[in-house]
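Undergrad: Quick one, what's the 3D model for this:
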Amino acid sequence: MASVPCDIPAIRAALLGWYDAHARSLPWRSGPTDRGLRDPYRIWLSEVMLQQTTVPHATPYFLSFLQRWPTVGALAAAPDAEVMAAWAGLGYYARARNLLACARAVSADHDGVFPDTEAGLLALPGVGAYTAAAVAAIAFDRPANVVDGNVERVMARLYAVETPLPAAKPELKRLAAALIADDRPGDWPQALMDLGATVCRPRTPLCAVCPLTDHCAAFAGGAPERYPLKTARADRPRRHGTVFVLFDDRGRVALVPRPDKGLLGGMLGLPTSDWVAGPAEAVPPAAADWGAAGTITHVFTHFALTLEVRTATGSGDFVWTAPEQALADLPTVFRKALGLAVGGAITSRRSSAALRS
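TA: Numbers count the residues shown, from 1 in each chain. Predicted coordinates for the structure are as follows:
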């Protein structure tokens, strides 16, 4: 088990000094000189979005949410379907449902004001240990142990932790906790996260500009990129299914609401068969002359999916939506299928026009 270095004050001084000069400019937080301007709503919203994606991917979603729902009260009052559609593309749609549950609890039970302690935040629906710690520290300057993937990587290298992930997580969290102090508790986790994101990078760490090289055991060992060690991941199981892209005579595409529980729960999607390990029984959602458009693949966290895409023109009791709007709102797996179908439909129309001319 890695040991805690004796010069914690030097580590903190070096990193906070670097952060003062190199803090990232992010739309959900102010810089190290503007700590009084931090908005708990923005910070909470960003932390929920960032749990399963990157800053560049999450930023346009964050800005769009903020424009549509600038306060937690506005988000609490938003219809579920609108929020779920706006979330499409961020993955883990249960988080969107938890987002609404939390916003409504803050609005109804706390007069629209977020609790300012880690314990109070943790009591909110849908708020886990990481989010509670992050909001408590960054928004309210409470000392809290905020450990994301960037922080884990910094700790693993700083102490040359030989235990592979994910088994190393408790050890890395313990090591991070030893560096927390009452001085600048909101800046400290942001400094660690910025260091991991911009300098202590996964594949090509920029050790020449890192403020912690004098304290880093992995750097001293000559192979910082070796850390964190990771347990070999088993191949994802593969599932198969069929997705149906039905257009009406106005060119709109048929969508259906998915069950509230389960993968992509509560979202609008294209009609599909079940997604199973073996051959899937494909029952079309409407009687029509269905044709094959090709296949798409998509990787979820726990499995890879191959879908046969079938297209047709017909009618029925569906949520009929313009393809352009559907491509903007649908979850990624359905956007892939619709994109393939729309491309095929365009090619088919062009071919028919050429034959007629």
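
Undergrad: need the helices for the chain, in chain order.
TA: For the chain, helices defined by DSSP state H occupy the ranges 8-22, 40-50, 55-68, 72-76, 80-87, 94-109, 118-122, 129-140, 149-158, 169-177, 187-198, 217-221, 323-329, 332-356.

Undergrad: quick one: which of these is nearest residue 252?
TA: Taking C-beta to C-beta, helix 323-329 is the member of those nearest to residue 252, at 7.4 Å. For glycine as for every other residue, the C-beta is placed from the backbone atoms N, C-alpha and C.

Undergrad: Can you list the helices and strands that the closest one packs against?
TA: On a contact count with 3 or more C-beta pairs under 8 Å, 6 or more residues apart in numbering; DSSP states H and E, helix 323-329 meets strand 253-257, helix 332-356.

Undergrad: could you redo the last one with a cut-off of 10 Å?
TA: Taking 3 or more C-beta pairs under 10 Å, 6 or more residues apart in numbering; DSSP states H and E as the contact definition, the neighbouring helices and strands of helix 323-329 are helix 80-87, strand 238-247, strand 253-257, strand 268-269, strand 319-321, helix 332-356.

Undergrad: wait, which of these is closest to residue 99?
TA: Judged by C-beta to C-beta, the one of the helices and strands packed on helix 323-329 that comes nearest to residue 99 is helix 80-87, at 7.1 Å.

Undergrad: picking up where we left off before, for residue 283, find the nearest of the helices and strands packed on helix 323-329.
TA: strand 238-247 (8.9 Å).

Undergrad: so where is the stretch 101-250 of the chain shaky, pLDDT-wise?
TA: Nowhere does the stretch 101-250 of the chain drop to pLDDT under 70.

Undergrad: Identify each buried residue in stretch 242-249, please.
TA: Residues 242, 243, 244, 245, 246, 247 are the ones in stretch 242-249 that count as buried (16 or more other C-beta atoms under 10 Å).

Undergrad: Quick check: mean pLDDT of stretch 49-66?
TA: Rounded to a whole number, the mean pLDDT of stretch 49-66 is 91.

Undergrad: outside of that stretch, which residues touch it?
TA: Contacts of stretch 49-66 with the rest of the structure, by C-beta atoms under 10 Å, 6 or more residues apart in numbering, involve 24, 26-28, 39, 41-42, 45-48, 74-75, 78, 83, 86-92, 95-96, 99, 128, 130-131, 134, 148-149, 193, 197, 301.

Undergrad: Tell me which residue lies nearest the centroid of this structure.
TA: For the chain, the residue nearest the mean C-alpha position is residue 52 (2.8 Å; C-alpha atoms, centre = their mean).

Undergrad: what's the spacing between that one and residue 93?
TA: From residue 52 over to residue 93 the distance is 11 Å, taken as C-beta to C-beta, to the nearest Å.

Undergrad: what's the answer for residue 161, then?
TA: Relative to residue 93, residue 161 is positioned 34 Å away (C-beta to C-beta).

Undergrad: now residue 191
TA: For residue 191, the distance to residue 93 under the criterion C-beta to C-beta works out to 32 Å.

Undergrad: between these two, who's got more neighbours?
TA: Here residue 191 and residue 93 are compared on neighbour count by other C-beta atoms under 10 Å; more neighbours surround residue 191, at 24 against 19.

Undergrad: so that one makes contact with residue 17?
TA: Yes - distance between residue 191 and residue 17: 9.3 Å, which falls inside the contact criterion (C-beta atoms under 10 Å).

Undergrad: Overlap in contacts, the two.
TA: Overlap between the neighbourhoods of residue 191 and residue 17 consists of residue 211, taking contacts as C-beta under 10 Å, 6+ apart.
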